[in-house]
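1. Would you be able to build a 3D model of this:
(2 chains)
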Amino acid sequence: MDYQKLANILFPHPLKTPEEWEVIYPPRNLPEGAVVTRLAPSPTGFVHLGNLVQGLTSERMAHQSGGVLFLRIEDTDAKREVPGAVEVLIRALAHYHIQFDEGATIEGDSGLYGPYRQRQRKEIYHTYAKKLVEEGKAYPCFATEDELASMHEQQEAEKANYGYYGKWATWRDRPMADIEAELEKGTPWVLRFRSEGSIEHKIKFTDLIKGNLEITENDIDHVLLKSDGIPTYHFAHAVDDHLMRTTHVVRGDEWLSTLPFHVQLFGALGFKLPKYLHIGPLQKMDGDSKRKLSKRKDPEIALTYYQQMGYPVMSVYEYILGVLNSNFEDWRRANPDANADTFAFSPKKMNPAGSLFDEAKLKDTSKNVISRMTAEEVYTLTLEWAEENDPAFATCLKANPEIATSALSIGRGGKKPRKDIAVWSEVKGYMGYLYDEFFVFEEFPLHYSKEDAKKAMLAFADIYSEAYDNSAWFEKVKTVAEGLGYTTDMKAYKSNPDSFPGSVADVSTFLRYAITGKLNSPDLCELMKILGKEKSLSRLARAAAQFPN
RNA sequence: GGCCCGUUGGUCAAGCGGCUAAGACGGCGCCCUCUCACGGCGCAAUCAUGGGUUCGAUUCCCGUACGGGUCACCA
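-> A predicted model of the protein is given here:
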């Protein structure tokens, strides 16, 4: 077979040589140990947790080592492409603090190793495809979809391994005349890799997450170029990651099974194999078994879900970081105020198996993240969320920011901050009652005396002053309690509640109910100050009016 | 079905031949306390299984079971 001739027939147009591409995309001038990595999603318009997991891992690997992170768009499958997807993708990742040094941007491309959209790199792939043909390492295949399907059926019947290999590879060693005849007819063709591998052999391989692996060689003649001349993922991966000088490839472990092929391909092209990090999938509980998070069934796989639910960006970010490197949690406890970027991220700490996604843990992380924010930050972010998801609440927040920030300041700061907000949607429940628009009375518990409640509210209204500090305020509550014959000795009350008509705690509850409509709240004295005397007194009166004499 | 990866409490997980097998989330209980939250203390709960190797296996090897992934002109 004259491979040179075959190559010229298949690729008649002039192409740059591999050497020329090497000059155009020279090795990067980076210090020893700098990691060059990339995120290479396909533009489906759907940004999911997996993108974040990979993005975060690559981003940390690159930037922690003084290297480069770039974004490449894997748009080789036109069928899956959604208009505007690239913009959605970039915005979502930027929102979650994944910043790229180069690659595809909303405006176009930025960087010296572009284009960063694979469909624009066709000529480059063809150079290397032609080279493989010249060397007898790739060949055209004219098998139709139907032929391949019936091959698959036969393989099933014979219990043979599936795929285009060995005797099934009908175009692997066809004479030139057959090829020319099909070409003459205009039959569409794909370019296949001529695999020299055998399933009798194993290759040894070291993955930075999974460790040492032993995998069976690939013997399948995979497709390199599809009939439209666009490469498959595999071929594009090899060519792009070589020319873009990627040192580390971070991807999901569903790629592990094609790894032997990639190893072969890099070898056949004379490229140095990058290092690989194969990440286990995020899973969730389904009944009593685990399964991979699914786009169709699980809304929480979409990044937009967390925005809608009102999770702060940093909560999701830190949660994922904790899933990837479980020692992050301990680090955070020891360094509550440090920037998460100063945490020493390590691929060695990553679980080779997949982790289970745990929203309870996310909530806990989020409470901690929010507890470290200032009241102003909480206010701003809550408002941002509410404008999208709760316009009525947003209007109130904007109309009176002082009330919101004061209320959010209660118990904030210091060594032991309150941790009772996990998502922005909870803020309304936390302090919404301060706004008349959102005030509602909870049901008043039956075991309290409504008559006493009324008396307490009216009595307290008579003696309340805004000038009271916390302890003076509580002294007045005690005074009211004593007036009702309630005890102020909580120890005695707790040891023998039945011997008293009630306690000062009950009186607090009455007042809290009048002021907030709820049975529990942050510090009531503070809340009354925030509302102001006039409003506090009117709320006491309003509640008292509901109860009988 | 072939191939590959994985398996420590309900969950996330330390561990890397010798430990009463860390810690966190969740649960429960107690303490603090005018409620809630915070905080403190404590409890229950784990090495999938059977064989080896070894003086000794959670740790190393093999089998089994279970879970996950993959076998496209999708990535």
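2. Secondary structure element holding the nearest residue to A:Glu376 once chain neighbours are set aside?
-> Of all residues not flanking A:Glu376 in the chain, A:Thr405 sits nearest, at 5.9 Å (CB to CB, 6 or more residues apart in numbering). C-betas here are computed from N, CA, C, even on glycine. For A:Thr405, the host element (DSSP states H and E) is helix A:401-409.
3. And that helix, what does it pack against?
-> helix A:375-389, helix A:427-431, helix A:524-531 (3 or more CB pairs under 8 Å, 6 or more residues apart in numbering; DSSP states H and E).
4. so what's the closest residue to A:Gln120 other than its chain neighbours up against?
-> Distance criterion CB to CB, 6+ apart; nearest residue to A:Gln120, sequence neighbours excluded, is A:Gly114 at 8.0 Å. Counting by CB atoms under 8 Å, 6 or more residues apart in numbering, A:Gly114 makes contact with A:102-103, A:120.
5. circling back to that earlier point, now the helices and strands packed on helix A:401-409 in a markdown table, with distance to RNA strand B, mean pLDDT and mean neighbour count?
-> Converted to a markdown table, these look like this (distance: least, CB to the nearest atom of the strand, whole Å; pLDDT from 0 to 100; neighbours: other CB atoms under 10 Å):
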| stretch | distance to RNA strand B | mean pLDDT | mean neighbour count |
| --- | --- | --- | --- |
| helix A:375-389 | 14 | 95 | 18 |
| helix A:427-431 | 9 | 91 | 19 |
| helix A:524-531 | 6 | 93 | 20 |
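6. Tell me which of those helices sits nearest to A:Asp219.
-> Of all the helices and strands packed on helix A:401-409, it is helix A:375-389 that lies closest to A:Asp219, at 53.1 Å by CB to CB.
7. From the contact counts, what lies against that closest one?
-> By 3+ CB pairs under 8 Å, 6+ apart, helix A:375-389 packs against helix A:303-309, helix A:391-399, helix A:401-409, helix A:427-431.
8. Just want the angle from that helix to helix A:401-409.
-> Put simply, helix A:375-389 runs at 110 degrees to helix A:401-409, going by axes from the mean of the first three to the mean of the last three CA atoms, to 10 degrees.
9. was I right about A:Gln155 contacting A:Asn161?
-> Yes: in this structure A:Gln155 lies within contact range of A:Asn161 using CB atoms under 8 Å: 6.9 Å.
10. neighbour count winner among the two?
-> Using other CB atoms under 10 Å as the criterion, A:Gln155 and A:Asn161 rank with A:Gln155 on top: 15 against 12.
11. how near is that one to A:Leu224?
-> According to CB to CB, to the nearest Å, A:Gln155 stands 22 Å off from A:Leu224.
12. what's the answer for A:Glu482, then?
-> As judged by CB to CB, A:Glu482 and A:Leu224 stand 89 Å apart.
13. Which single residue of the stretch 1-150 of chain A ends up nearest RNA strand B?
-> A:Glu74 (3.0 Å; CB to the nearest atom of the strand).
14. My read is that that residue contacts A:Pro41, right?
-> Yes: with contact defined as CB under 8 Å, A:Glu74 reaches A:Pro41; the gap is 6.5 Å.
15. which stretch of helix or strand covers the closest residue to A:Asp341 other than its chain neighbours?
-> Distances taken as CB to CB, 6+ apart place A:His63 nearest to A:Asp341, at 7.5 Å, with adjacent residues excluded. Using DSSP H and E, A:His63 sits in helix A:49-64.
16. same question, A:His234
-> According to DSSP H and E, A:His234 maps onto helix A:233-243.
17. quick one: that helix near RNA strand B?
-> Yes: using CB under 7 Å from any atom of the strand, we find that helix A:233-243 touches RNA strand B at A:Tyr233.
18. I'd like to know which elements the very next helix or strand once past that helix is packed against.
-> Using DSSP H and E, the next helix or strand after helix A:233-243 towards the C-terminus is strand A:248-252. With contacts defined as 3+ CB pairs under 8 Å, 6+ apart, the packing partners of strand A:248-252 are strand A:36-39, helix A:49-64, strand A:275-279.
19. rerun at 7 Å
-> Applying 3 or more CB pairs under 7 Å, 6 or more residues apart in numbering; DSSP states H and E, one finds that strand A:248-252 contacts helix A:49-64, strand A:275-279.
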